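> Generate coordinates for the sequence data below:
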Amino acid sequence: MSPFVRFDDDDDETDEEKAKKALSVPVDKHLFDARQVMVVGQISMEMAKDVCQRLFALAHVSDDPITVVVSSPGGHVESGDMIHDTIGMIKPDVNIVGMGWVASAGALIYISVPNERRFCTPNTRFLLHQPSGGGGGMATDIEIQAREIIKMRERLNKMFADATGQPMERIENDTDRDYWMSPDEAIEYGLVGKVVRNIGEIS
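Model prediction:
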């Protein structure tokens, strides 16, 4: 028997899991054909890998625009960086649509495209804040971690200042605590380009 043949024990899957797996295949195909990518939920390395694979695959197939839908409470900043940088790296134009809420690392992904390609639906909420982290261990290690968080905060503040046109001082002040915005407030802030109510308004 070939050592490269892998057998999955489907007997361990519940009927519900099998149904979800069967449904995901045509859904993924339709999303790929529509050149749409979903960034929904907590940002993690696993999500970043999946999203970036889809983006690179779509870019390989065609230079036609890609639509990325973001609805996220945030999560792992470096994973958000990976998605942000991939969107900037690929050749096709990317339109980003915020839905539900776009918070923290989700907002980092959201600003990966120019303002005119940043959209949201009418009920979307936006949240900007400074990165948080915790660590233990020796005092010197804690000091290193604190310095890295400060550097990350400064880097993210500059990215949001560049993306919104707001002065660095205001970004620093606003992100010192949770800063929530409605779509209209986010447009005025320079975070959102346009509120849309149907897919045909994205162009």
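> what's around Pro65, how many residues?
Per other C-beta atoms under 10 Å, the neighbour tally for Pro65 reads 14. Where you see a C-beta, it was placed from the backbone N, CA and C, and this is true even at glycine.
> Please read the previous query as pertaining to Ile187.
So Ile187, with other C-beta under 10 Å, has 17 neighbours.
> Let the chain start at 28 from now.
That works, and once the first residue is 28, the last one we named lands at Ile214.
> where's it relative to Lys118, distance?
Using C-beta to C-beta, to the nearest Å, Ile214 is found at 28 Å from Lys118.
> Ile226 too?
23 Å.
> Of the two, which one has the most company?
Higher neighbour count among Ile226 and Lys118: Ile226, with 12 against 8, using other C-beta under 10 Å.
> pLDDT score for that one?
As predicted, Ile226 sits at a pLDDT of 89.
> sec struct for Val129, please.
Following DSSP: H, G, I helix; E, B strand; the rest coil, Val129 is assigned to strand.
> Just say helix, strand or coil for Ser98.
strand.
> Tell me, how many residues neighbour it?
For Ser98, using other C-beta under 10 Å, the count is 18.
> who are the neighbours in contact with it?
Ser98 sits next to Val66, Val67, Gly68, Gly125, Met126, Gly127, Trp128, Val129, Gly133 when contact means C-beta atoms under 8 Å, 6 or more residues apart in numbering.
> burial of the nearest residue to it once chain neighbours are set aside, as a residue count?
Among residues not flanking Ser98 along the chain, Gly127 sits closest, at 3.8 Å (C-beta to C-beta, 6 or more residues apart in numbering). By the measure other C-beta under 10 Å, the count of residues near Gly127 is 17.
> go on, Met186?
Neighbours of Met186 (other C-beta under 10 Å): 17.
> Surely it is in contact with Ile138?
Yes. Between Met186 and Ile138 a contact is recorded at 6.6 Å, counting by C-beta atoms under 8 Å.
> Name the nearest residue to Gly133, sequence neighbours excluded.
Gly133 sits nearest to Ser99 (C-beta to C-beta, 6+ apart), 3.2 Å away.
> which residues sit in contact with the one you found?
Ser99 touches Val66, Val67, Gly68, Gln69, Ile70, Trp128, Val129, Ala130, Ser131, Ala132, Gly133, Ile136, counting by C-beta under 8 Å, 6+ apart.
> do the same with Ser139
Counting by C-beta under 8 Å, 6+ apart, Ser139 has contacts Ile110, His111, Asp112, Ile114, Gly115, Val121, Ile123.
> Are we agreed that Met65 is in a strand?
Yes. Assigned with three-state DSSP, Met65 falls within a strand.
> so how far is Asp77 from it?
10 Å.
> repeat for Phe146
22 Å.
> ok, now Ala84?
For Ala84, the distance to Asp77 - C-beta to C-beta - is 11 Å.
> what about those two, which has more around it?
Taking other C-beta under 10 Å, Ala84 and Asp77 do not tie; Asp77 has more neighbours (15 against 11).
> Sticking with that one, tell me its helix or strand.
When elements are assigned from DSSP states H and E, Asp77 belongs to helix 72-88.
> Next, count neighbours for Asn225.
Asn225: 7 surrounding residues under other C-beta under 10 Å.
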